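A.B. asks: Pasted the sequence and its predicted model underneath.
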Amino acid sequence: MSLLLLTACGGNGTGAAGVDGGGTCRTVAACGGDLRGTWKVTASCLEAYSLDRSSCPQETLGARGFGETGSYLFKDDMSYAANVTASGSFTVAVPGACVTSDLTTTCGSLDSFYKSFVQQAGSLFESAGCVVSGSDCDCTFMASGQAVTTTGTYAPSGATAVALTPATATTVQTSSYCVEETTLYWGSISSASSSMVGALVLTKQ
C-alpha cells in the first residue's frame, strides 16, 4: 500500500498479500472488511514496481530492499491519514532501447539528474546513482528515513478492494485487502500508470 511510492502489494488484484514467519511473501485471499480505525505496519515485503509507460513498457523498479514503517488511520467520514517512514533502497532498470544508442552518455545524464533530484528540499531519498549494466542503465535510490504524512479519501471498490485518492494527487490507487480480526493484509496496488507487487501487514491499535 505504499503511498510513498505511489505518491508497498501482490499481483493481479485478486488477492491480498501477507508475510509468513520467514519474512517471505505469500498470498492471502482478498476478503474485504471494516478498515475503520488506526493500523500500525508490522511487516512489509515489497518486491517490484511496474511503470505502465507507453514509451518504455519494459522499465521496472525492484523494491526487495525497500520497506516502510508507520501507521494508517481510516476515519468514519471516509478520509484517511498515513504517517510512514521509508527505509532501504530500490532500483530502476531502464532498458537501453528506452534511452538512446549511446547508453553510456544517457546513463550518465540520468545519474546526474537523479543525484540533483534527491538533493532537493523535502526529498524522501538521501542518495541516488545510475550505472551501465550490460544493455541497461540501473539506477539505485536510498531512502532518507524521513517520516511523511499523507491524507486523502477512500471508498469501496467492489467487495474486497478499496480505492484511495490522495489529497495532493488526482490518481486513484486501488488495492485488494483482507481484514482478519485485528490484522489487515494489504494486497496488490494499481493505478492508471503503475502497479506494486509485495505485501504489507498491519495490526489494529
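C.D. replies: That came in fine, so what should we check first?
A.B. asks: Could you pull out the buried residues of the helix or strand where residue 148 lies?
C.D. replies: Using DSSP states H and E, residue 148 falls within strand 147-156. The neighbour-count check on strand 147-156 (16 or more other C-beta atoms under 10 Å) flags 148, 150, 152, 154 as buried. C-beta here means a position set from N, CA and C on the backbone, and glycine is covered the same way.
A.B. asks: Quick check: of the residues you listed, which lies closest to residue 175?
C.D. replies: residue 154 (9.8 Å; C-beta to C-beta).
A.B. asks: Do you know the pLDDT at that closest one?
C.D. replies: pLDDT, residue 154: 95.
A.B. asks: Surely it touches residue 79?
C.D. replies: Yes: if you go by C-beta atoms under 8 Å, residue 154 and residue 79 touch, sitting 7.5 Å apart.
A.B. asks: where in this protein is pLDDT low?
C.D. replies: Within the chain, the segments meeting pLDDT under 70 span 1-27, 46-58, 60-61, 63-64, 100-105, 121-124, 188-198.
A.B. asks: what packs against the host helix or strand of residue 81?
C.D. replies: Under the criterion of DSSP H and E, residue 81 resides in strand 79-95. Other helices and strands packing on strand 79-95, by 3 or more C-beta pairs under 8 Å, 6 or more residues apart in numbering; DSSP states H and E, are strand 60-62, strand 66-74, strand 136-143, strand 147-156.
A.B. asks: returning to what we had before: what are the contacting residues of the strand holding residue 148?
C.D. replies: Contacts to strand 147-156, defined as C-beta atoms under 8 Å, 6 or more residues apart in numbering, come from residues 3-4, 7, 32, 35, 70, 74, 78-86, 124, 162-168.
A.B. asks: Please check those and keep the buried ones.
C.D. replies: Buried subset of the contacts of strand 147-156 (neighbour count, 16+ other C-beta under 10 Å): 3-4, 32, 35, 70, 74, 80, 82, 84-86, 124, 162, 164, 166.
A.B. asks: Heading C-terminal from the strand holding residue 81, find the next helix or strand.
C.D. replies: Next along from strand 79-95, by DSSP H and E: helix 103-117.
A.B. asks: ok, the next helix or strand after that next one: who's next to it in the sheet?
C.D. replies: Counting by DSSP H and E, the next helix or strand C-terminal to helix 103-117 is strand 125-133. Sheet pairing of strand 125-133 (DSSP bridges) gives strand 136-143 (antiparallel).
A.B. asks: Would you mark the buried spots in the helix or strand harbouring residue 202?
C.D. replies: For residue 202, the host element (DSSP H and E) is strand 200-204. In terms of neighbour count (16+ other C-beta under 10 Å), strand 200-204 has its buried residues at 200, 201, 202.
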